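*Asks:* Prediction below, plus the sequence it came from.
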Amino acid sequence: MTTEAPKPLLLPDGRPAAHAWTLDPTLRHLNHGSFGAVPLAAQQEQQRLREEMERAPVVWFPALPGRVAAARAEVAGFLRVPARDLALVPNASAGASVVYGSLPHRAGGEVLVTDHGYGAVTMGAERLARRWGGRVRTAHVPLEATAEEAAAAVLDAVTDRTALLVLDHITSATARRLPVDLIGTAARAAGIPLLVDGAHVPGLIEDPLAGLEFDAWVGNLHKFGCAPRGASALVVRSELRDELYPLVDSWGAQEPFPERFDTQGTLDATSYLAAPAALDFVERTWGWATVRTYLSDLADHAEHLIGRAFAELTGESAAAEVGMPVNALRLVRLPDGLAGTRLEADALRDRVAAELGVEAAFTSFGGTGYFRLSTHAYNTAADYEDFAERCVPVLADWAHRARNAR
């Protein structure tokens, strides 16, 4: 791990990378991973498409399925998967809902998730289990677990009633990868369908699905891929494809997968059509390989800098031991008294934005609160130096006050 600050990314004309986005310069934007940030080039392309739609809607909508299919092919190329395996959906939760709503009924079937799962996706699993008359089982995976240990923790929780396994590729709350390769191979051998929530993956892993066994995988293009919000990829690699239908039935319902997803009536599909513009912008400006290296080096620096700042104030280590860490996502342990639950973490996020002018992510796992680092091309070392100097002392004071109020 390098702790030196990497040189900031610049635009071809020498301006800072942030000039390619329209983010409010009076705020520090340190939470790209939650909702993404759309570069101006992609915003302009989406607006151009919307204007075209509004000029001639009767021309636009009949031609739309073909245009969605073309965008889908470009996204498939970016993810390095065949276009015939990929459908476009609004977000990862929608993709998971497609799977939940399309699976054949399994009376008494159980859904196996982990305690690192994204809340909305887990809620969908619970609803599916209720329909089946079964239940959700949760495998505990320690934060520090290696790939082999994490795989064993999940597979040891499988029973003869397990009818679906739901696994994160990169976890949201805990900023770690899970061993989809090991678990997927075992699930396929056991005949258990596997749904992979890869919400954070597109853009962060060069060839994210290479060598993986799964039935369905869904990843957001609007997070690290920087596409307009409401653009995600649903990839299917088994006979399950014949069972999957969009959440809304439309005139493409009789088409095969994935073409049946290309027709969605009068929904605004410009986010799908503009997604390639965002992916192309990053590639043309810096190259995705360069950006991934920068995100990792910047996260290394920020994790060390902020962790040290907390440790100097509290006298306790702020390091988080994370098995299978992620290049752009990292955790720094918060002082006791902050973000001990998800609701407390969300409240801290809102307070930091309102009082300190920083868009940041705070998470909770096992009763411990964390600051989740989430870097992107427009971030610089100065963003995290400011957080360490200006915000860490305030957070440490808030933690002290919270402990005293107990």
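*Replies:* Received, thanks. A quick note: this is a predicted structure, and the numbers were derived from the prediction, not measured.

*Asks:* what's in contact with stretch 246-255?
*Replies:* Residues outside stretch 246-255 that contact it (Cβ atoms under 8 Å, 6 or more residues apart in numbering): 65, 87, 89, 94, 97-98, 101, 245, 259-265, 267. Placement of C-beta: from N, CA and C, glycine included.

*Asks:* Out of those, which sit inside strands?
*Replies:* Ala87, Val89 (DSSP state E).

*Asks:* Whichever of the contacts of stretch 246-255 end up buried, select them in PyMOL.
*Replies:* Selecting only the buried entries of the contacts of stretch 246-255 in PyMOL, with 16 or more other Cβ atoms under 10 Å as the criterion:
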select buried, resi 65+87+89+94+97+98+101+245+259+260+261+262+263+264+267
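
*Asks:* So which of the contacts of stretch 246-255 sit within helices?
*Replies:* Among the contacts of stretch 246-255, the ones falling in helices (DSSP state H) are Pro65, Ala94, Ser97, Val98, Gly101.

*Asks:* so can I have TSV of those showing pLDDT and distance to His376?
*Replies:* Formatted as TSV, the ones in helices among the contacts of stretch 246-255 follow (pLDDT from 0 to 100; distance: Cβ to Cβ, whole Å):
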residue	pLDDT	distance to His376
Pro65	97	32
Ala94	96	23
Ser97	97	27
Val98	97	28
Gly101	94	33
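
*Asks:* so which of the residues you listed would you say is closest to Val166?
*Replies:* Ranked by distance to Val166 (Cβ to Cβ), the ones in helices among the contacts of stretch 246-255 are led by Ser97 at 12.0 Å.

*Asks:* wait, doesn't that closest one sit right on Met123?
*Replies:* No. Here Ser97 lies out of contact with Met123, judged by Cβ atoms under 8 Å, at a distance of 10.1 Å.

*Asks:* Helices along the stretch 51-200 of the chain, start to end?
*Replies:* With DSSP state H, counting those that start in this stretch as the criterion, the stretch 51-200 of the chain has helices at 57-79, 92-102, 119-132, 147-155, 180-190.

*Asks:* Name the surrounding residues that touch the last one.
*Replies:* Applying Cβ under 8 Å, 6+ apart, the external contacts of helix 180-190 come out as 147-148, 151, 154-155, 158, 165, 167, 169, 193-194, 196, 211-214.

*Asks:* at 7 Å what do you get?
*Replies:* 147, 151, 154-155, 158, 165, 167, 169, 194, 196, 211-214 (Cβ atoms under 7 Å, 6 or more residues apart in numbering).

*Asks:* ok, now the third one?
*Replies:* With contact meaning Cβ under 7 Å, 6+ apart, helix 119-132 is reached by 93, 96-97, 100, 105-111, 113, 135-136, 163, 166, 197.

*Asks:* and what of the longest one?
*Replies:* Outside helix 57-79, the residues that touch it by Cβ under 7 Å, 6+ apart are 52-53, 82-83, 86, 88, 202, 208-209, 221, 233, 252, 258-259, 262-263, 266, 269, 272-273, 275-276, 279.

*Asks:* Show the buried residues in those.
*Replies:* By neighbour count, with 16+ other Cβ under 10 Å, those hold 53, 86, 88, 202, 208-209, 221, 233, 252, 258-259, 262-263, 269, 272-273, 275-276, 279 as buried.

*Asks:* Leaving out chain neighbours, which residue sits closest to Val235?
*Replies:* In this structure, Val235 finds its nearest non-sequential neighbour in Trp217, 4.6 Å apart by Cβ to Cβ, 6 or more residues apart in numbering.

*Asks:* So the one you found: helix, strand or coil?
*Replies:* Three-state call for Trp217 (DSSP: H, G, I helix; E, B strand; the rest coil): strand.

*Asks:* I'd say Val158 and Leu112 touch.
*Replies:* Yes. Between Val158 and Leu112 there is a contact under Cβ atoms under 7 Å: 6.3 Å.

*Asks:* more neighbours, those two?
*Replies:* Between Val158 and Leu112, counted using other Cβ atoms under 10 Å, the more crowded position is Leu112 (25 against 18).

*Asks:* Quick one: the strands in this protein, in order.
*Replies:* Under DSSP E, the chain gives strands at 28-29, 86-89, 110-114, 136-139, 162-168, 194-197, 216-220, 232-236, 329-333, 358-359, 361-365, 368-374.

*Asks:* Can you list the strands that the fifth one pairs with?
*Replies:* It refers to strand 162-168. According to DSSP bridges, strand 162-168 has the following sheet partners: strand 110-114 (parallel), strand 194-197 (parallel).

*Asks:* Repeat that for the first one.
*Replies:* Note on strand 28-29: by DSSP bridges, its sheet partners are strand 358-359 (parallel).

*Asks:* Low-confidence ranges, this structure, go.
*Replies:* The model of the chain has pLDDT under 70 over residues 1-2.

*Asks:* Which segments of it make up each domain?
*Replies:* Here the domain assignment for the chain is 17-30+287-404, 42-281, based on automatic domain parsing.

*Asks:* Contacts only, for Arg84.
*Replies:* So Arg84 contacts Pro258 (Cβ under 7 Å, 6+ apart).

*Asks:* Look up how far Arg241 lies from it.
*Replies:* As judged by Cβ to Cβ, to the nearest Å, Arg84 and Arg241 stand 9 Å apart.
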